[in-house]
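Visitor: all I have is the shape, not the residue letters:
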C-alpha cells in the first residue's frame, strides 16, 4: 500500500512538472530561512531550505519545497545529531496584483504531499539511533513581492504533518506536526 501511495505522489509531481505551460509561465527559485513552532515535540527551532516552481499567469502552479531542520527535537547533548527533513510537491493558487511583470505582489495558498524524514542519532535521552521516512502533507499561505521582473522577496507560513505516528526507542512522539514561518529572496 505504501509503495502505491508513493508511486501516485511521484507520478502526480512529475505530471505537474511536465504539464504544458503557457509562454507566460514564470518559474522561480526561493532559498529560505525560517523557524518551526507549535510542534508536539520541540518549539522555536530554526531551519532552512529552497523552494522552486512556476505559476502560469501568476495564478495556478506547482512547486517543490525542500526543508532541513537541524536539532529539531532538542540539543545534541540530549538527542545526538537529530534532524527533520521535508520534501513536498505542492499545488499553488495565487492572485497577481498589478500584473505578473515588474513591481507586483502575489498572495497565494499552497498545499501538497511529500516526504517527512526524522532522524535521531543517540544522545543521553535516546541511546539507539532511529530514522524514519513517512508520507506527510503541508498547507499554507504567503506572499511574493517583486521589485522588478526578476527579483523579489517571499514570506509564508505552513503547517506540516506526518500521516502516521512516530515511535522512537519505545517512546511515542505522536504524529509529528509543526508550523513553519519562512522568508527569503525569490528569483525568476
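Guide: Happy to help now that I have it. Computed from a predicted structure; not experimentally measured.
Visitor: and the residue at minimal distance from the centre of the chain, what does it touch?
Guide: Central residue of the chain (CA atoms, centre = their mean): residue 65, 4.4 Å from the mean position. Applying CB atoms under 8 Å, 6 or more residues apart in numbering to residue 65 gives the contacts 49-51, 86-88, 90, 112, 114, 138. In this view, the C-beta of every residue, glycine as well, is placed from N, C-alpha and C.
Visitor: and it, helix, strand or coil?
Guide: Secondary structure assignment for residue 65 (DSSP: H, G, I helix; E, B strand; the rest coil): strand.
Visitor: so where is the protein shaky, pLDDT-wise?
Guide: Per-residue confidence of the chain (counting by pLDDT under 70) places the weak regions at 1-25, 40-43, 58, 77-79, 99-101, 123-129, 166-174.
Visitor: strands along that one, start to end?
Guide: Along the chain, counting by DSSP state E, strands occupy 26-37, 45-56, 60-70, 82-94, 104-120, 130-146, 151-162, 167-168, 171-172, 177-187.
Visitor: roughly how far apart are the residue nearest to the centre of the chain and residue 133?
Guide: Distance of residue 65 to residue 133, computed by CB to CB, to the nearest Å: 16 Å.
Visitor: what's the burial count for the closest residue to residue 147 other than its chain neighbours?
Guide: Excluding the flanking residues, the one nearest residue 147 by CB to CB, 6 or more residues apart in numbering is residue 103, at 6.2 Å. Here the number of neighbours of residue 103 (other CB atoms under 10 Å) works out to 12.
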